[in-house]
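Chemist: sequence and predicted structure, then a few things I'm wondering about:
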Amino acid sequence: HDHVKRAKRHREDWQNMAANGTSDSQLPPSSVEHCRDQDFTPTDMALSSPGPDWKPTGRLYAIIVGLGIANLLAALENTVIAIAAPVILTDLQLGIEFIWITNAFFLCSTAMQPLFGQFCNIFGRRLVALSAILMFVLGSGICGGAST
């Protein structure tokens with residue numbers, strides 16, 4: 001509970017400064033105390049570079065290639081709408097509202113980002129990334145095999 005009291009005191013000090021018209025350059029005592037308690041010196045580990053015996057392994061290269069392929073798939077997914085747009089326009093007789101095709105795609109894509117972020121927190125990034133790639137490949141295969 002000490003950190004809660006310290007945060008409350010810090011907020012009260014800033015509110016008093018604002019009410020009294022105190023300059024922002026003058027820090028309240030609780031802020032100075034809080035900063036005094038913190039260790040702001042960089043660690044040796046943060047400043048050090050990998051040792052001379054460190055060499056990239058095949059696993060690192062496999063990860064880089066895998067991430068590159070995933071980015072390529074994401075770019076291809078974004079271009080699918082451009083390929084299908086003429087057929088969608090004529091079938092739905094959209095006219096000037098054709099812009100909603102791409103807007104709907106990107107709105108849905110944006111809305112799914114937080115959900116997939118939470119899936120990464122729950123299941124891990126690797127499983128979610130592989131599942132997303134698998135869904136893309138299966139969906140592309142189904143669309144490619146469709147007769148209409």
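Modeler: Thanks, I have it. Residues are numbered from 1 along each chain as shown.
Chemist: show the subsequent helix or strand relative to the longest helix along the chain.
Modeler: In the chain, assigned by DSSP state H, the helix with the most residues is helix 58-92. As assigned by DSSP states H and E, the chain's next helix or strand after helix 58-92 is helix 99-123.
Chemist: can you name every helix or strand that that next one contacts?
Modeler: Applying 3 or more C-beta pairs under 8 Å, 6 or more residues apart in numbering; DSSP states H and E, we find helix 99-123 packed against helix 58-92, helix 125-145. (Each C-beta comes from the backbone N, C-alpha and C, glycine too.)
Chemist: now with 6 Å?
Modeler: Packing partners of helix 99-123 (3 or more C-beta pairs under 6 Å, 6 or more residues apart in numbering; DSSP states H and E): helix 58-92.
Chemist: and the gap between the spatially most central residue of the chain and Ala70?
Modeler: Centroid check for the chain by C-alpha atoms, centre = their mean gives Gly117 as the closest residue, at 7.2 Å. From Gly117 over to Ala70 the distance is 15 Å, taken as C-beta to C-beta, to the nearest Å.
Chemist: swap in Pro52?
Modeler: 32 Å.
Chemist: okay, these two: which has more neighbours?
Modeler: Set Pro52 next to Ala70 and count neighbours by other C-beta atoms under 10 Å: Ala70 wins out with 15 against 6.
Chemist: how many neighbours does Leu92 have?
Modeler: Per other C-beta under 10 Å, the neighbour tally for Leu92 reads 12.
Chemist: and Ala75, by the same measure?
Modeler: With other C-beta under 10 Å as criterion, Ala75 counts 9.
Chemist: give me the pLDDT for it.
Modeler: At Ala75, the pLDDT value in this model is 82.
Chemist: packing partners of the longest helix of the chain?
Modeler: Partner elements for helix 58-92 (3+ C-beta pairs under 6 Å, 6+ apart): helix 99-123.
Chemist: show residues contacting the helix it packs on.
Modeler: By C-beta atoms under 6 Å, 6 or more residues apart in numbering, the residues outside helix 99-123 that reach it are Ile81, Ala85, Ile88, Val128.
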